[in-house]
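*Asks:* Here is a sequence with its predicted model. Questions after.
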Amino acid sequence: MGLLDAAITKHNVLVTSVDNVLNWARLSSLWPMGFGLACCAIEMMATNASNYDLERFGIFPRSSPRQSDLMIVAGTVTMKMAERVVRLYEQMPEPRYVLSMGSCSNCGGPYWEHGYHVLKGVDRIIPVDVYVPGCPPRPESLIGGLMKVQELIRMEQIGISRADALKKLAEKSADPKTVIQRERKAVSV
Ligand code: SF4
């Protein structure tokens, strides 16, 4: 069902649901936080350049987590950086979404086996909505991931899906410090 369920043009009246209007407004103004962690961030910056014109989708980066509703985790999440990532996530207002960009962020990437300093997936500390594979993913892949986030938002029902997301957050990142300590212990010799 699209935004417009019925139109009565004579009196400029549109008939639709509150869910549709809110979802449409949210998905048409996704503001990702402007931060990057490693080489994947270069591709993210390229995606924001004029060639790809993300602003046609209402997507442009903000420089404060308090004004952002999308976190693109672009790059290697080191143990040192992991706590900062959680802090930035917690500073973002609801509704907020997370896109994990690239192998490092998805599962540790090339550091998966021997990287003593790398978290093996950012979803161990914050809930991830969409994963984009690649090392690094090209801008087209990132745009595909952003479209997926928009699809998720389009399907949301006010009061239901965010509760699920919060539950997921509580399950996955109730105590990120413990997770980071456990990861550190697991890779120490
Ligand atoms: S996935 Fe590849 S390109 Fe992206 S941060 Fe890791 S090593 Fe760099």
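*Replies:* Sure, I can see it. The model shown is predicted, which means the values in this text are computed figures rather than measured ones.
*Asks:* Name the helix or strand of this structure that has the lowest mean pLDDT.
*Replies:* helix 161-173 (a mean of 59; mean pLDDT, DSSP states H and E).
*Asks:* Would you tell me what the next helix or strand after that helix is?
*Replies:* helix 176-187 (DSSP states H and E).
*Asks:* State the mean pLDDT of that following helix.
*Replies:* In this model, helix 176-187 has a mean pLDDT of 73.
*Asks:* just checking, what packs against the longest helix along the chain?
*Replies:* Counting residues, the longest helix found in the chain (DSSP state H) is helix 139-154. Contact analysis of helix 139-154 by 3 or more C-beta pairs under 8 Å, 6 or more residues apart in numbering; DSSP states H and E lists helix 18-27, helix 40-47, strand 97-101, strand 130-132 as its packing neighbours. The way it works is simple: take the backbone N, C-alpha and C, and place the C-beta from them, glycine included.
*Asks:* among the ones you listed, which is nearest the ligand?
*Replies:* helix 40-47 (3.4 Å; C-beta to the nearest ligand atom).
*Asks:* got the contact list for that closest one?
*Replies:* 35-36, 52, 54, 72, 74-75, 101-102, 104-105, 136-139, 142-143 (C-beta atoms under 8 Å, 6 or more residues apart in numbering).
*Asks:* and residue 66, what is it in contact with?
*Replies:* Residue 66 sits in contact with 91, 92, 93, where contact means C-beta under 8 Å, 6+ apart.
*Asks:* Next, it: phi, psi?
*Replies:* For residue 66, the backbone dihedrals are phi -70, psi -10 (criterion: degrees, to the nearest 10).
*Asks:* What separation do you get for it and residue 113?
*Replies:* Applying C-beta to C-beta, to the nearest Å, the value for residue 66 to residue 113 is 38 Å.
*Asks:* and what of residue 27?
*Replies:* Residue 27 sits 38 Å away from residue 113, going by C-beta to C-beta.
*Asks:* Quick check: beta-bridge partners of residue 70?
*Replies:* Per DSSP bridges, residues listed as beta-bridge partners of residue 70: residue 32, residue 97.
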